[in-house]
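1. Fold the following, please.
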Amino acid sequence: MNSADVFSLEFDMLSRTSSFARILDRFRTTHLTPATHRQLLLELNHVINVHSRLREVAADVVPPDDWSSWQDLLAVPALAFEQGRSFLDDLRALGLNALDSVSLTPLPQTIALAAYAHYQLVERATVGLVGFLWFFERMPRVAYPLWRESCQAGGVPEKALRALGEGAVSHATRDITVANACRALVRRPRDLGLATQSLHDTAELFATMIDAALLRAERRPDLPTEAAQSRVGIGQVA
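-> Below is the predicted model of the structure:
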């Protein structure tokens with residue numbers, strides 16, 4: 001069995017029996033309000049922004065012979081600049097014309113998730129980062145549709161849900177490229193163990209971040225009405 005098959009099986013297990021599975025179930029059984037949707041988008045957008053800088057670090061750390069395969073993995077769509085831009089478009093559709101200082105400050109749990117990727121790349125064997133990237137390859141396929149349906153039930157306007165629809169799309173060619181990259185980088189049983197552990201850790205950290213974002217949203221007032229949104233200007237707190 002190759003490494004990509006192992007990661008697929010492990011991810012399937014995590015989506016059914018882990019903290020990540022609990023988050024998926026929450027999306028299935030609750031209605032997310034516009035304020036909650038906004039908070040989740042903000043936290044994930046921070047992870048995307050950190051990832052763009054992580055690629056620069058990787059260029060200095062990854063062995064030259066492996067760089068081509070790493071480039072394929074680091075191009076994970078869920079962490080790409082285009083996904084972040086789509087998130088910002090949805091945030092604007094929610095009336096967030098100027099990101100206030102509170103919104104720009106990520107939660108500690110979000111910082112931990114983003115820092116974990118840097119830790120895997122710099123402090124441990126680089127191959128451990130494979131699990132982190134695999135999680136974000138697969139997570140949108142199961143989480144985004146449920147997240148979107150929950151938002152629809154909670155009254156979030158369709159124009160603020162476009163990024164979730166785009167992010168959930170998978171491409172067979174991309175899957176083959178990622179599987180080949182994993183086979184090229186995960187060469188030994190020890191490598192597979194490190195990458196699998198990273199996959200589990202990332203799922204746990206992601207669930208912790210979502211929990212914290214939901215809690216913050218519950219403590220803050222809901223978004224203003226559509227009429228009030230139109231009056232939110234640059235420099236004003238949304």
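2. now the helices for the protein?
-> For the chain, applying DSSP state H gives helices covering 3-14, 19-29, 34-61, 67-74, 81-93, 101-104, 108-122, 129-153, 162-167, 172-185, 189-219, 226-229.
3. For Gln71, give its distance to Met13.
-> Note on Gln71: its distance to Met13, by C-beta to C-beta, to the nearest Å, is 29 Å. The C-beta positions use only the backbone N, C-alpha and C, and glycine is treated the same way.
4. wait, Asp89
-> For Asp89, the distance to Met13 - C-beta to C-beta - is 34 Å.
5. Repeat that for Asp201.
-> For Asp201 relative to Met13 (C-beta to C-beta), the value is 14 Å.
6. neighbour-wise, which of those two wins?
-> Asp201 (18 against 13; other C-beta atoms under 10 Å).
7. shaky segments in the protein?
-> 1, 97-103, 220-238 (pLDDT under 70).
8. mind running it again at 90?
-> Judged by pLDDT under 90, the chain has its weakly predicted residues at 1-2, 52-65, 92, 94-105, 121-128, 170, 217-238.
9. Can you get me a residue count around the nearest residue to Thr33 once chain neighbours are set aside?
-> Among residues not flanking Thr33 along the chain, Gly154 sits closest, at 4.9 Å (C-beta to C-beta, 6 or more residues apart in numbering). Number of residues near Gly154 (other C-beta under 10 Å) recorded here: 15.
10. so who does Gly154 touch?
-> His31, Leu32, Thr33, Pro34, Thr36, His37 (C-beta atoms under 8 Å, 6 or more residues apart in numbering).
11. go on, Cys182?
-> Residues in contact with Cys182 (C-beta under 8 Å, 6+ apart) are Asn2, Ser3, Ala4, Phe7, Leu73, Val130, Trp134, Ala195.
12. from the residues you listed, which would you call buried?
-> Among these, those classed as buried by 16 or more other C-beta atoms under 10 Å are Ser3, Ala4, Phe7, Leu73, Val130, Trp134, Ala195.
13. What separation is there between the last one and Arg28?
-> Taking C-beta to C-beta as the measure, Ala195 and Arg28 are separated by 29 Å.
14. right, and Ser86 touches Ala160 too?
-> No. Look at Ser86 against Ala160 with C-beta atoms under 8 Å: they stay out of range, at 10.9 Å.
15. How about the backbone phi and psi for Ala80?
-> In terms of degrees, to the nearest 10, the main-chain angles of Ala80 are phi -80, psi 160.
16. Burial check on it, number of neighbours?
-> 17.
17. same deal with Thr173?
-> Thr173: 7 neighbours (other C-beta under 10 Å).
18. cool, and Tyr119?
-> The burial count for Tyr119: 16, using other C-beta under 10 Å.
19. And Gly165, by the same measure?
-> Gly165: 13 neighbours (other C-beta under 10 Å).
20. Tell me the spacing between the closest residue to it other than its chain neighbours and Asn2.
-> Nearest residue to Gly165, sequence neighbours excluded (C-beta to C-beta, 6+ apart): Arg148, at 6.6 Å. Distance of Arg148 to Asn2, computed by C-beta to C-beta: 32 Å.
21. give the contact list for Ser86.
-> Arg162, Ala163, Glu166, Gly167.
22. Quickly name whichever of those is closest to Arg138.
-> Gly167 (11.7 Å; C-beta to C-beta).
23. Double-check the closest one against Gln83; I have them as touching.
-> Yes. Using C-beta under 8 Å as the test, Gly167 is close enough to Gln83 to be in contact (5.8 Å).
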